[in-house]
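In: compute the structure for the input listed below.
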Amino acid sequence: MKAKILLITPNFKSLKGGIKRIQPPAGIGFLAEVLLRENYEVIIRDTALEGYENEKDLTDELVLVGETDEQIADFIKTTAPNVVGISAMFTNLVDSAKNTAKIVKNLFPQVPIVVGGNHVTNAARDYQFAQTNDLPALSNLFEDLIFDKNIDYAMLGEAEYEFPKLVDCLLNNGDISLIKNLVYKNENEVIFNSPPLSRDDKRMDIENLPAPAWHLFNMKKYSDIGVFQSS
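Out: Residues are numbered from 1 along each chain as shown. The predicted model follows:
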């Protein structure tokens, strides 16, 4: 039986009455296709998309867009994943990413949870800079994430080929110290497997990646909503 890998995009915060922009995340699409080629079963869930009509008041100015905790829990329970990846591309997704991790752990305490995305990578860079230059206040964003009790690992940068290696290690008791750009905690210490990422690091050539696994997305709903980031 194939191992199930669940990739989740969490709910997002938006201004009340504002434009709620949403589009299929290409990064998850690339990652999903690579995982498929490694013979994993891959499930994608954009909880903000599936619950796009739902708005929960957070403050007088902010709402949370997306599925309820109960809806997310029901989907995860039905899916019963072996590994969960949660994408946090922007800061307005972080609280929901942590909440999603909590929902997963409440249902499946032994399932590894990995966070990634642009916010995670940049917060890690800021953390490393803060540690080097004794700026503790700048460490908070990443510390809050990596020391969250429900999050096991963070992957930095473009992880299309490293994440499947991590999945294999997690499922087969492999050596995670060999996984590049992996971050995890050891009691009160943050472990970086690779040297600090530079903002000048060469990005992966997109031509070396397979086309995203768009067939795993609810593309019709994205199209029906039609409020993309570029519009």
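
In: how far off centre is the helix-or-strand element of the chain with minimal mean pLDDT?
Out: Least confident element among the helices and strands of the chain, by mean pLDDT, DSSP states H and E: helix 140-146 (a mean of 81). Its chain's C-alpha centre and that of helix 140-146 lie 14 Å apart, by CA atoms, centre = their mean, to the nearest Å.

In: I'd like to know which elements that helix is packed against.
Out: helix 94-107, helix 118-133, strand 182-186, strand 189-192 (3 or more CB pairs under 8 Å, 6 or more residues apart in numbering; DSSP states H and E). The C-beta positions use only the backbone N, C-alpha and C, and glycine is treated the same way.

In: buried residues in it?
Out: Of the residues in helix 140-146, Leu141, Phe142, Glu143, Leu145, Ile146 count as buried by neighbour count, 16 or more other CB atoms under 10 Å.

In: I'd like the next helix or strand past that helix.
Out: strand 153-155 (DSSP states H and E).

In: partner strands of that next one, parallel or antiparallel?
Out: Sheet partners assigned to strand 153-155 using DSSP bridges are listed as strand 113-116 (parallel), strand 182-186 (antiparallel).

In: can you lay out those strands as JSON lines showing mean pLDDT?
Out: Formatted as JSON lines, these follow (pLDDT from 0 to 100):
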{"stretch": "strand 113-116", "mean pLDDT": "97"}
{"stretch": "strand 182-186", "mean pLDDT": "92"}
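
In: Gly174 against Val167, yeah?
Out: No: between Gly174 and Val167 there is no contact under CB atoms under 8 Å: 9.6 Å.

In: higher neighbour count, the two?
Out: Val167 (22 against 14; other CB atoms under 10 Å).

In: pull the contacting residues for the more buried one.
Out: Contacts of Val167 were listed using CB atoms under 8 Å, 6 or more residues apart in numbering, and they are Ala3, Ile5, Leu35, Glu38, Tyr40, Val83.

In: ok, back up a step: point out the most buried one among the strands paired with strand 153-155.
Out: Highest mean neighbour count of those: strand 113-116, a mean of 27 (counted as mean count of other CB atoms under 10 Å).

In: nearest residue to the middle of this structure?
Out: Ser87 (1.8 Å; CA atoms, centre = their mean).

In: ok, that one - contacts?
Out: Leu7, Ile8, Thr9, Pro10, Pro25, Gly27, Ile28, Leu93, Ala97, Val115, Gly116, Gly117.

In: again with Ile28
Out: So Ile28 contacts Leu7, Thr9, Ile44, Gly85, Ser87, Pro212 (CB under 8 Å, 6+ apart).

In: got TSV for the strands paired with strand 153-155, with distance to Leu62 too?
Out: TSV is the format used below for the strands paired with strand 153-155 (distance: least, CB to CB, whole Å):
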stretch	distance to Leu62
strand 113-116	22
strand 182-186	29
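
In: out of the ones you listed, which comes closest to Glu160?
Out: strand 113-116 (10.3 Å; CB to CB).
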